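**Student:** The following comprises the amino acid sequence and a computationally predicted model.
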Amino acid sequence: MKIVIVGDGKVGFTLTKQLSQEGHDVVVIDSNPNVLRTSQELLDVAVVEGNGAYVSVQLEANVQTSDLLIAATSGDEVNMLCCLLARKLGCKHTIARVREPAYDQQLRLLKEELGLSLSINPERAAAREIFRLLQFPPFLKRDSFARGRAELVELKLKENNPLIGKRLFELGDLKELNALICIVERYGEITIPSGNFKLLEGDKITIAADAAELARLLRHLNISTHKTQSVHIVGGGRIAEYLAAMLLKAHVRVTIIERDLVRAEALSLALEDALIINGDGTDQELLLSEGIKQTDALVTLTGIDEENLIVSMFGNYIGVPKTITKINRTEYYSVFANMGIDTVVSPKLLTSDEIVSYVRAMANTSGGSVTALCTIAEGKAEAIEFFINEDAPYLDIPLKALALKEEILVAAILRSRKVIIPKGNDSMQKGDTVVIVAPTGDAIFDMRDIFINENPKLGAAEKE
């Protein structure tokens, strides 16, 4: 597809990288020649220097013949204007990054009037992700599928976990809990394990599970958890504001530490029930004086990755039960993990996942369309949700008889509101929602991509 991206910042660059790697024809617009030069050299994409809200610039980028324009600048109004112009010029679809909380109530009207296909709010998405993690603190990551009925959750196997030392075929009790281990990450490498795979202490595992069984799953794994009642947030930006509002609505005590006085005052007006502290969140004495030792969770949301790392490490050192760290630079994932920071949230990756999911759905030509996508295992794998809306040759055939590509796993099936964590004798049917797990880079655009060849039956490749 022909895709134009306006704004070559952190979000724009991430999108450009992923979409160009998936084979799309990408043109990037930005007024900064330096960032454009970097994108052109590193990603081998076409670039146009200028203001993306100008008709002349959009025409130079051939917006009029493009399938999609994504407006990802730092200005909401600029993004909306870019999309309006693109639709007027003839672009088929538009996506706008809209971050300001004040626009939330108007988004439906704005989408209709501007012809937006999709609006993305990275900060709100990050806040929602953090809120969900605080509901079940032992999980390092949670991703929801099948309209919230199925989840992929990540855990680290610590001392005394009953899974340590066992091979997957020995875990029949997990099947009784409607759960399946999809991915194991060990020493920075991921494996989509077979039945003989042996689990070790320190492994990070991703489990597909029925959302209604998460609490029972934790009890089965001897992992104690309790309701989050108090949260300290360092950094008072938009994510903090969204998150605090969600937590307060859930009757959680919230303390926000923000160094900018004007911003702190604005937060105190917007969040009357939260405690707002004007101070430096990296000051350990301040953190201790504000009761960080007694809090249930510490969330670091400053705009500087290094500050977030330092504060989270201090929280771990003094025994805060749960720390969540925001990162902007995804290459820091492994660095943070090596320093004991297991739970990280990246707004730009959440945004990229949602947009790439939309793009793959647009590109889909078969009866199994992409309805959701997320990166898992520190970006090394993907979970892709499909809705099977047409007859297909792979339907009603036991999974064990299908010729799936290596390291492709059918992790979950939703059928008539029932979550099925499939076994070899289960099959996919028309009308199912199916979650597929695959290594990043396999580019799963539709259901046909999970099979070795066009004939999905096992042994078909040898017969042809």
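**Tutor:** Nice, I can see it. Numbering: from 1, shown residues only.

**Student:** quick one: buried residues of the helix ranked longest in the chain?
**Tutor:** For the chain, the helix that runs over the most residues, judged by DSSP state H, is helix 347-363. By neighbour count on 16 or more other CB atoms under 10 Å, the buried set for helix 347-363 is 347-363. Bear in mind the C-beta positions are built from the backbone N, C-alpha and C, glycine included.

**Student:** Look up how far residue 87 lies from residue 32.
**Tutor:** Per CB to CB, to the nearest Å, residue 32 is found 25 Å from residue 87.

**Student:** Might you report the residue contacts of the residue nearest to the spatial centre of the chain?
**Tutor:** The C-alpha lying nearest the average C-alpha coordinate of the chain belongs to residue 350 (CA atoms, centre = their mean; 3.8 Å). Listed by CB atoms under 8 Å, 6 or more residues apart in numbering, the contact set of residue 350 reads 122, 125-126, 129.

**Student:** hang on, isn't residue 254 packed against residue 246?
**Tutor:** No. The pair residue 254 and residue 246 does not pass the contact test of CB atoms under 8 Å, sitting 9.6 Å apart.

**Student:** coming back round to it: pull the most distant pair out of the contacts of residue 350.
**Tutor:** Between any two of these, the greatest separation by CB to CB is 10.5 Å, found for 122 and 129.

**Student:** Check for me that residue 288 belongs to a strand.
**Tutor:** No. Using DSSP: H, G, I helix; E, B strand; the rest coil, the assignment for residue 288 is helix, not a strand.

**Student:** Quick check: the residue nearest to it when sequence neighbours are not counted vs residue 295, distance?
**Tutor:** Leaving out its chain neighbours, the residue that sits closest to residue 288 by CB to CB, 6 or more residues apart in numbering is residue 318, at 7.8 Å. Using CB to CB, we find residue 318 at a distance of 10 Å from residue 295.

**Student:** quick one: which of these two has more around it?
**Tutor:** Applying other CB atoms under 10 Å to residue 318 and residue 295 shows that residue 295 carries more neighbours, namely 22 against 12.

**Student:** for that one, phi and psi?
**Tutor:** Main-chain torsions, residue 295, degrees, to the nearest 10: phi -80, psi 160.

**Student:** Could I get the contacting residues of it?
**Tutor:** Contacts were defined as CB under 8 Å, 6+ apart; by that measure residue 295 touches 230-232, 255, 320.

**Student:** one step back: compare residue 32 and residue 87 and say which one has the larger neighbour count.
**Tutor:** Ranked by neighbour count (other CB under 10 Å), residue 32 and residue 87 place residue 87 first, with 18 against 12.

**Student:** what's the helix or strand for that one?
**Tutor:** Residue 87 belongs to helix 76-89 when assigned by DSSP states H and E.

**Student:** Also residue 96?
**Tutor:** Using DSSP H and E, residue 96 falls within strand 93-97.

**Student:** Of the contacts of residue 295, which pair is most distant in space?
**Tutor:** Counting by CB to CB, the most remote pair of the contacts of residue 295 is 255 and 320, 12.6 Å apart.

**Student:** Next one: residue 329 from residue 434, what distance?
**Tutor:** Distance of residue 329 to residue 434, given as CB to CB: 33 Å.

**Student:** The two: which has the busier surroundings?
**Tutor:** Using other CB under 10 Å as the criterion, residue 329 and residue 434 rank with residue 434 on top: 25 against 12.

**Student:** The more buried one falls within a helix, correct?
**Tutor:** No. Per three-state DSSP, residue 434 lies outside any helix segment and is strand.

**Student:** Can you name the residues that contact it?
**Tutor:** Residue 434 makes contact with 368, 385-388, 410, 412-414, 428, 447, according to CB under 8 Å, 6+ apart.

**Student:** From the residues you listed, pick the one nearest residue 269.
**Tutor:** residue 385 (39.8 Å).

**Student:** Mind checking what secondary structure that closest one has?
**Tutor:** Assigned with three-state DSSP, residue 385 falls in the strand class.

**Student:** next one: the one 5 residues further on
**Tutor:** For residue 390, the secondary structure call by three-state DSSP comes out as coil.

**Student:** That one contacts residue 430, doesn't it?
**Tutor:** Yes. Residue 390 lies in contact with residue 430 (CB under 8 Å); the separation is 7.0 Å.

**Student:** Most neighbours among the contacts of residue 434, which one?
**Tutor:** Across the contacts of residue 434, neighbour numbers were computed from other CB under 10 Å; residue 412 holds the maximum, 30 neighbours.

**Student:** Would you mind naming the residues that bridge with it?
**Tutor:** Beta bridges link residue 412 to residue 435 when assigned by DSSP bridges.

**Student:** Quick one: the helices in the stretch 1-150 of the chain, in order.
**Tutor:** For the stretch 1-150 of the chain, applying DSSP state H, counting those that start in this stretch gives helices covering 10-21, 33-43, 55-60, 76-89, 107-114, 122-135.
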